[in-house]
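Chemist: What follows is a predicted structure for the sequence shown.
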Amino acid sequence: MTNNHLPTTNLHKVKRIMQTHLKCKQLNLQHSRLATDNLLKITDEENTDILFIQEPYTIRGKIDGLSKKIKIFTSEGKHRAAIVVKKQIKHDVNKTTNG
């Protein structure tokens, strides 16, 4: 009799490895509000953790159009690029997986 399922110990290891991966996306928004709205929709649908964006949409020198459920990291002055991170990432980025 063959068993097509992973042994329990391997299944737990696979789940642990899968939980350590972060979903990231990169996009140049070209200062577009529409592109920002589309990006937010896609990242919600795909449960993206981190966004790397260039030329974000801004109003009066501040990045605009992004959710309140995120943390934005950017340089001072003109915001030509930003790293956007979910405030509640389900992963512990301080842990590493040692096979």
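Modeler: Structure's in. What do you need?

Chemist: Low-confidence stretches in the chain?
Modeler: Along the chain, segments meeting pLDDT under 70 span 1-20, 89-99.

Chemist: Try it again at 90.
Modeler: Within the chain, the ranges that satisfy pLDDT under 90 run 1-23, 40, 43-44, 46-49, 60-63, 65-71, 74-79, 86-99.

Chemist: Which parts of it are strands?
Modeler: Using DSSP state E, the strands of the chain run over residues 24-28, 50-54, 58-59, 62-63, 70-74, 81-86.

Chemist: With distance to residue 34 and mean neighbour count as extra columns, can I get the ones you listed in JSON lines?
Modeler: For glycine as for every other residue, the C-beta is placed from the backbone atoms N, C-alpha and C. Converted to JSON lines, the strands of the chain look like this (distance: least, CB to CB, whole Å; neighbours: other CB atoms under 10 Å):
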{"stretch": "strand 24-28", "distance to residue 34": "13", "mean neighbour count": "13"}
{"stretch": "strand 50-54", "distance to residue 34": "14", "mean neighbour count": "18"}
{"stretch": "strand 58-59", "distance to residue 34": "14", "mean neighbour count": "13"}
{"stretch": "strand 62-63", "distance to residue 34": "16", "mean neighbour count": "14"}
{"stretch": "strand 70-74", "distance to residue 34": "19", "mean neighbour count": "13"}
{"stretch": "strand 81-86", "distance to residue 34": "17", "mean neighbour count": "18"}
